[in-house]
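Engineer: A predicted structure for the sequence below; I have some questions about it.
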Amino acid sequence: MDLKNILHKFDEMLAQGQMQDAVDYLENKAELFAKEGDSTSAITVFNELEGFWRVAGQKEKSYTAAETALGLISSCGLEGGIGHATTLLNYATAKSAFGEAAEALKLYDSVEEIYAEQLPEGDYHFAALYNNMAQSLLLTNDVTRAGECFAKSLTLLEKIEDVQSEIATCHANLAICLIAQKKFDEGRENLEKSEAIFATLQGDPHVDSMLATRGQLEYMLGNFAEAAEYYKRAATNIENRFGRNQYYARASRNCAKAFEAAGNKEEAERWLLFADSAKDRR
């Protein structure tokens, strides 16, 4: 089975809710590629595993996958190439996701250096880089600069074909910055564009962040029942895809808070229990 089919099967298994079987399958393939000396394929699979464990909230497993890929790149003399930049970007994204923004931004600087040497201006890779740099800037509460990076990324993405998931995600991320600046109308406009695109992309895992952000906006505007429904959808999606992890617990707590504000104490208590059950499983 070639690499493309392996990754396709992995995505299919995730979409069907077979989380443990999917990750076991991919880890076995990564080990097999490494053992057979197919380092290029192994690097790709370890990058995929890094992303999976990052979204699943497993810091050490995510870091280990990224560092294994970087070790293979070094041993094969592939430093300075686009594959190296991609792995650095993935590692930086994981660092950012787990709250290590300063380390992430240093890695992004290295990525930008490689891109400047290897790619033409306006290449898709720059759009991904700006998006991820913005994520780290958000962690430092620099919402203005983060918004500028998201806007730059969106401008590039809209000129590229077949990147609807990235465009939808970028709209959602830009909305986060706009909401933080109390630009609620612009934030809602971007979230509505994001939701419309995600509606055409069945099973896309990035939809959960958009739903949570929409929940936040509705809560801030006093639309508590609507906020609860968005948080509920986010929590349900996360549970179906990754189980009751820390992101599920966060969405559940927010859902409970929104139901409480809406006057629905019974539902609020139920969702707090769901959040606690996630805590118990860590």
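Structural biologist: That came through fine.
Engineer: what residues does the strand or helix carrying residue 116 touch?
Structural biologist: Using DSSP states H and E, residue 116 sits in helix 101-118. Residues external to helix 101-118 that are found in contact with it (Cβ atoms under 8 Å, 6 or more residues apart in numbering): 80-82, 84-85, 88-89, 91-93, 95-96, 123, 125-126, 129, 132-133, 135-137, 139-140. Where you see a C-beta, it was placed from the backbone N, CA and C, and this is true even at glycine.
Engineer: Show me what counts as buried in that helix.
Structural biologist: The neighbour-count check on helix 101-118 (16 or more other Cβ atoms under 10 Å) flags 101, 103-105, 107-108, 111-112, 114-115 as buried.
Engineer: just curious, which of those residues is nearest to residue 14?
Structural biologist: Nearest to residue 14 among the buried residues of helix 101-118 is residue 104, at 25.0 Å by Cβ to Cβ.
Engineer: Any figure for the gap between the closest one and residue 272?
Structural biologist: 32 Å (Cβ to Cβ, to the nearest Å).
Engineer: got it, and residue 235?
Structural biologist: In terms of Cβ to Cβ, residue 235 sits 12 Å off from residue 272.
Engineer: Overlap of the contact sets of these two?
Structural biologist: The contact lists of residue 235 and residue 272 share residue 252, where a contact means Cβ under 8 Å, 6+ apart.
Engineer: neighbour count winner among the two?
Structural biologist: More neighbours surround residue 235 than the other of residue 235 and residue 272, with 29 against 17 (other Cβ atoms under 10 Å).
Engineer: wait, doesn't that one sit right on residue 246?
Structural biologist: No. Contact criterion Cβ atoms under 8 Å: residue 235 and residue 246 do not qualify, at 11.8 Å.
Engineer: show me where the stretch 101-250 of the chain has helices.
Structural biologist: With helices called from DSSP state H, counting those that start in this stretch, the stretch 101-250 of the chain shows them at 101-118, 124-139, 143-157, 164-180, 184-198, 207-220, 224-242, 246-261.
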